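> what follows is a protein structure lacking sequence information:
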């Protein structure tokens, strides 16, 4: 299963480190990262492969929520199919 | 990889524009539950529903979690109960409604549809019992929805049933008077009812449907409105094209969810129904789409044209996005469930008669309209006759879900709560239709229905 993690919020030190550290710990493979800063707004999209992940999707989601809360940004994860359905024929 | 803009577009649709999967509806055939003993039928119904729909809510929640899109409702539609109950020896079908209610609550769905009868050409004995049971059945249950199909393009209009239903709606209103006639929000009178509609209150599982099927309803009036905000002042060709593209994107989400739910539940996928179904929430209004198109308020002259184009463009976008589009697919125009429609009524912009005109081009009909409690039953029947005529002649589904609120009149309002919203009581024509309705009989099918 592949998914997209998005982080939206104020630009702060440690956002990418926090999320990518978690991916390493859970054995999820990062395939690509895009990040953009609009003024003070930070948007990061991370494309991850969860095939070998050692926890459930639900647990991963809870871990990401924790990171989001501790850094003060909105972190979410969604399976990639929903984006492909809308934007790819 | 997807671009950041594409990802953000999707997130905006979900967060700000209220794109959601409005319902995953499991259709279940109850044909094999029939028996002459009423207790056995009730047990069969309960057992079958709780077995088939055991994981429905769980799967809906899993999909919501993994795809990050709200799955607002999980629901069940069953074979019209007048067919399932026909063999049972009883003159009151309320126990079947109670069995449906219990089963629905056990599996955790918020509505179950199919306390229904199809009488467009005439009644079976069971149809008559079912219809007569509606006022009691819907006042003694919480989540059961009923529908009666009184007309079709092929069969014409059963005016006996039309007359009957006016009285039934009044009785149901009286039975649920303590809750502002909420029972009437769970009863739909149809012309050309469809067998695979996932939306309530009119969902039932038609006899041409398989043993079990997953039908999905997606909605997103806010997404359409938002897309139109970017093309202010542009000609209608551009408007139609924009709506089509937007509906395509929305329906693709519905298709994805339908396939996934079908796979996880091990049940074939039936159809995706893309209907712009408003809710009272801010940013989820069909009326606001009309305003975005350039009308001061819903109900202004031009609203019927706006709705006709909207409904058609939604269907065109939806058809390409899904392998099987069905249900109602179009734009709903309920009054109480749409903040912009309520405002339009309060501002005097939207009248009952204009709503009737709009139903000739929308995908449903007179929906969630509160009217004075002292409206005669024949007047309600006449409203049903008008809607049925529009449906019959235009070969489209039309419906009447009207609420005569006991003890209330024009100037008052009612609060139904939740998705059902609130509604100002609307004025109706005070001229009598009694002698017209008392005639009964059948209005013959129109000439253009003979296509064989």
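Here it is on my side, so go on. All values reported here derive from a predicted model rather than from experimental measurement. Residues are numbered from 1 along each chain as shown, chains lettered A, B, ... in the order given.
> I'd assumed residue B:401 was in contact with residue B:190.
No: applying Cβ atoms under 8 Å as the test, residue B:190 and residue B:401 come out as separate, 9.7 Å apart. In short, each C-beta sits where N, CA and C put it, glycine included.
> overlap in contacts, these two.
Counting by Cβ atoms under 8 Å, 6 or more residues apart in numbering or on different chains, the residues touching both residue B:190 and residue B:401 are residue B:202.
> which strand residues bridge residue B:189?
In this entry, residue B:189 is beta-bridged to residue B:148, residue B:400, by DSSP bridges.
> please name the residues that touch it.
Contact analysis of residue B:189 by Cβ under 8 Å, 6+ apart lists B:147-148, B:150, B:162, B:165, B:169, B:384, B:387-388, B:399-401.
> show me which of these is closest to chain A.
Nearest to chain A among these, counting by Cβ to the nearest Cβ, is residue B:399 at 30.3 Å.
> need the nearest residue in space to that closest one, chain neighbours excluded.
Computed as Cβ to Cβ, 6 or more residues apart in numbering or on different chains, the closest residue to residue B:399 that is not its neighbour in sequence is residue B:365, at 3.9 Å.
> the one you found and chain A: what is the separation?
For residue B:365, the distance to chain A equals 31 Å [Cβ to the nearest Cβ, to the nearest Å].
> out of the contacts of residue B:189, who's nearest residue B:243?
Closest approach between the contacts of residue B:189 and residue B:243, by Cβ to Cβ: residue B:399, at 23.1 Å.
> correct me if wrong: that closest one contacts residue B:368.
No: in this structure, residue B:399 is not within contact of residue B:368 by Cβ under 8 Å, at 10.5 Å.
> so which of these two has more stuff around it?
Taking other Cβ atoms under 10 Å in any protein chain shown, residue B:399 and residue B:368 do not tie; residue B:399 has more neighbours (28 against 22).
> so what does the lengthiest helix in chain A touch, helix or strand wise?
Using DSSP state H, we find that the single longest helix of chain A is helix A:57-71. Helix A:57-71 sits against strand A:2-10, helix A:15-25, strand A:74-79, helix B:56-67, with contacts defined as 3 or more Cβ pairs under 8 Å, 6 or more residues apart in numbering or on different chains; DSSP states H and E.
> ok, then the element right after the second one?
The element immediately downstream of helix A:15-25 (helix or strand, assigned by DSSP states H and E) is strand A:29-38.
> got it, and the longest one?
Sequence-wise, the next helix or strand beyond helix B:56-67 is strand B:71-78, with elements assigned using DSSP H and E.
> give me the sheet partners of that following strand and which way each runs.
Using DSSP bridges, the strands paired with strand B:71-78 are strand B:20-28 (parallel), strand B:111-118 (parallel).
> export the ones you listed to a markdown table and tack on mean pLDDT and mean neighbour count?
Output for the strands paired with strand B:71-78, formatted as a markdown table (pLDDT from 0 to 100; neighbours: other Cβ atoms under 10 Å in any protein chain shown):
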| stretch | mean pLDDT | mean neighbour count |
| --- | --- | --- |
| strand B:20-28 | 96 | 28 |
| strand B:111-118 | 98 | 28 |
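> quick one: which of those strands is nearest residue B:220?
Nearest to residue B:220, of all these, is strand B:20-28, at 7.2 Å by Cβ to Cβ.
> and the following helix or strand past the closest one, what does it pack onto?
Moving toward the C-terminus from strand B:20-28, the next helix or strand (DSSP H and E) is helix B:38-52. Judged by 3+ Cβ pairs under 8 Å, 6+ apart, the packing partners of helix B:38-52 are strand B:20-28, strand B:71-78, helix B:94-107.
> and the contacts of helix B:38-52?
Helix B:38-52 is contacted from outside by B:26, B:28, B:30, B:32-35, B:76, B:78, B:84-85, B:87-90, B:95-96, B:98-100, B:102-104, B:106-107, B:112, B:212, B:267, using Cβ under 8 Å, 6+ apart.
> show me how far that helix is from its chain's centre.
25 Å (Cα atoms, centre = their mean, to the nearest Å).
> next, the buried residues of that helix.
B:38, B:41-42, B:44-46, B:48-49, B:52 (16 or more other Cβ atoms under 10 Å in any protein chain shown).
> what pLDDT does the model give the closest residue to residue B:102 other than its chain neighbours?
Nearest non-adjacent residue to residue B:102, counting by Cβ to Cβ, 6+ apart: residue B:46, 6.0 Å away. As predicted, residue B:46 sits at a pLDDT of 98.
> these two touch, right, residue B:97 and residue B:116?
No: contact between residue B:97 and residue B:116 fails when scored by Cβ under 8 Å: they sit 11.0 Å apart.
> any shared contact partners between those two?
Common contact partners of residue B:97 and residue B:116 (Cβ under 8 Å, 6+ apart): B:81, B:146.
> near chain B, which residues of chain A?
Applying Cβ under 8 Å from any Cβ of the partner chain, we find that chain A lies next to chain B at A:4, A:6, A:8, A:31-32, A:34, A:36, A:43, A:45, A:47, A:57-58, A:61, A:76-88.
> ok, 7 Å please
Within chain A, the residues that sit near chain B (Cβ under 7 Å from any Cβ of the partner chain) are A:4, A:6, A:32, A:34, A:36, A:43, A:45, A:47, A:57-58, A:61, A:76, A:78-79, A:81-83, A:85-87.
> buried only: go through the residues you listed for me.
Buried by 16+ other Cβ under 10 Å: A:4, A:6, A:34, A:43, A:45, A:47, A:57, A:61, A:76, A:78-79, A:81-83, A:85-87, out of the residues of chain A next to chain B.
> ok, residue A:39 - how many residues close by?
There are 7 residues near residue A:39, going by other Cβ under 10 Å.
> and residue B:286, which of the strands paired with strand B:71-78 is closest to it?
Relative to residue B:286, the nearest member of those by Cβ to Cβ is strand B:20-28, separated by 13.2 Å.
> please report how far the residue lying closest to residue B:332 once chain neighbours are set aside lies from residue B:226.
Distance criterion Cβ to Cβ, 6+ apart; nearest residue to residue B:332, sequence neighbours excluded, is residue B:277 at 4.8 Å. To residue B:226, residue B:277 is 16 Å away according to Cβ to Cβ, to the nearest Å.
> and what of residue B:60?
Distance of residue B:60 to residue B:226, given as Cβ to Cβ: 26 Å.
> with residue B:58 instead?
From residue B:58 to residue B:226 the distance is 32 Å (Cβ to Cβ).
> any idea how far residue B:125 is from residue B:151?
In terms of Cβ to Cβ, residue B:151 sits 21 Å off from residue B:125.
> the two: which is more packed in?
Taking other Cβ under 10 Å, residue B:151 and residue B:125 do not tie; residue B:151 has more neighbours (32 against 10).
> picking that back up, list the contacts for the residue nearest to residue B:399?
By Cβ atoms under 7 Å, 6 or more residues apart in numbering or on different chains, residue B:365 lies in contact with B:359, B:387, B:398-400.
> could you break chain B into its assigned domains?
Listed by automatic domain parsing, the domain ranges of chain B are B:23-191, B:218-443.
> which one of those domains lies closest to residue B:205?
Residue B:205 sits nearest to domain B:23-191 of all the domains of chain B, at 3.7 Å, using Cβ to Cβ.
> closest residue of the stretch 351-452 of chain B to chain A?
residue B:363 (22.7 Å).
> so what's the residue nearest to that residue when sequence neighbours are not counted up against?
Leaving out its chain neighbours, the residue that sits closest to residue B:363 by Cβ to Cβ, 6+ apart is residue B:330, at 2.6 Å. Residues near residue B:330 by Cβ under 7 Å, 6+ apart: B:275, B:311, B:314-315, B:362-363.
> of those residues, which belong to helices?
Taking DSSP H as the definition of helices, the contacts of residue B:330 contribute B:311, B:314-315.
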